[in-house]
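*Asks:* I would like the atomic coordinates for the input below:
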Amino acid sequence: MFLRSIRLKPISGSMPNYYPFTIPAIRNLKELSFHSDVTFFCGENGSGKSTLLEAIAFQCGFHTAGGSRHNRYEVHASNSDLGEHLQLSWLPRAQDGFFFRAESFYQFASHIDETDEDEYKSYGGKSLHQQSHGESFLSLFANRLNGKAIYLLDEPEAALSPQRQLALLRVIYDLTKEGGAQFIIATHSPILLGYPGASIRLFEEGEIVETEYENTEHYSLTKYFLQNRERLLAELFKEEE
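*Replies:* Numbering: from 1, shown residues only. Reported below is the predicted structural model:
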């Protein structure tokens, strides 16, 4: 492990009253420690998980639209207001890493097309734009992520089939067990959240709390749907009287 904890730097005066400091979980953040090689951020949309992951990426020196310390390209709104107020504690500091962001992956792939001089060896030997969405995601995970480093993944399941989500779990396993990597992943996927031994941090009701896999709504709702599909859908589509 590399990253041990994060906290908000002291802010003189009152807490800023603008986004993202208006997100309850961010506003109430004091210190968050890491004790596992794989940590998941989960919670509803707007709960702050991707915002916090982006701020960590900013402090790591990664491009906040996706990439490493060496990727520099222009993307609208790729700055991080929160990142400037975040303090990271390392032991030791990671010398390498990567930030994957599903929502700006197209711009990252275009940047690689414009700058790659190594015949895409770090991305499976083919332009990311010349693969399907899911294939390009998995090509990046399987080829670009390697060695001792910190990897920040924001909704990596966005273009992955269930089978390929399992393939990503294998990539994570190999890198943490053999390469000494650390992962922090923001996700909605009940498949990814099932990674054994992972720390799950739930963003809920203005707090960030550690929870068990079976206590997440991602698990319980998916389980209920699979076991009670007809009943749930009948209730969902019931005509109002």
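
*Asks:* outside of stretch 168-184, which residues touch it?
*Replies:* 1-3, 34, 37-41, 53, 56, 94, 138, 141-142, 145-153, 156-157, 160, 191-192, 195 (C-beta atoms under 8 Å, 6 or more residues apart in numbering). In short, each C-beta sits where N, CA and C put it, glycine included.

*Asks:* among these, which ones are buried?
*Replies:* 1-3, 34, 37-41, 53, 56, 94, 138, 141-142, 145-146, 149-153, 156-157, 160, 191-192, 195 (16 or more other C-beta atoms under 10 Å).

*Asks:* wait, doesn't residue 27 sit right on residue 206?
*Replies:* Yes - counting by C-beta atoms under 8 Å, residue 206 is a contact partner of residue 27 at 7.3 Å.

*Asks:* where does residue 109 land in three-state SS?
*Replies:* When classified by DSSP: H, G, I helix; E, B strand; the rest coil, residue 109 comes out as helix.

*Asks:* that one and residue 127, how far apart?
*Replies:* Separation of residue 109 from residue 127 (C-beta to C-beta, to the nearest Å): 7 Å.

*Asks:* just residue 94 next, same as before
*Replies:* Distance from residue 94 to residue 127, by C-beta to C-beta: 28 Å.

*Asks:* next one: residue 83
*Replies:* 30 Å.

*Asks:* contact partners of the helix-or-strand element of the chain with minimal mean pLDDT?
*Replies:* The helix or strand of the chain with the poorest confidence is helix 105-115; it has a mean of 89 (mean pLDDT, DSSP states H and E). Residues outside helix 105-115 that contact it (C-beta under 8 Å, 6+ apart): 63, 65-67, 71, 73, 75, 101, 120, 123, 127-129, 136-137, 159.

*Asks:* now do the helices in this protein.
*Replies:* For the chain, applying DSSP state H gives helices covering 24-27, 49-60, 105-115, 133-143, 162-178, 190-193, 217-227, 229-236.

*Asks:* quick check: buried residues in the third one?
*Replies:* If you call a residue buried by 16+ other C-beta under 10 Å, then helix 105-115 has these buried ones: 105, 107, 108, 109, 111, 112.

*Asks:* swap in the fourth one?
*Replies:* By neighbour count, with 16+ other C-beta under 10 Å as the criterion, the buried positions of helix 133-143 are 134, 135, 136, 137, 138, 139, 140, 141, 142.
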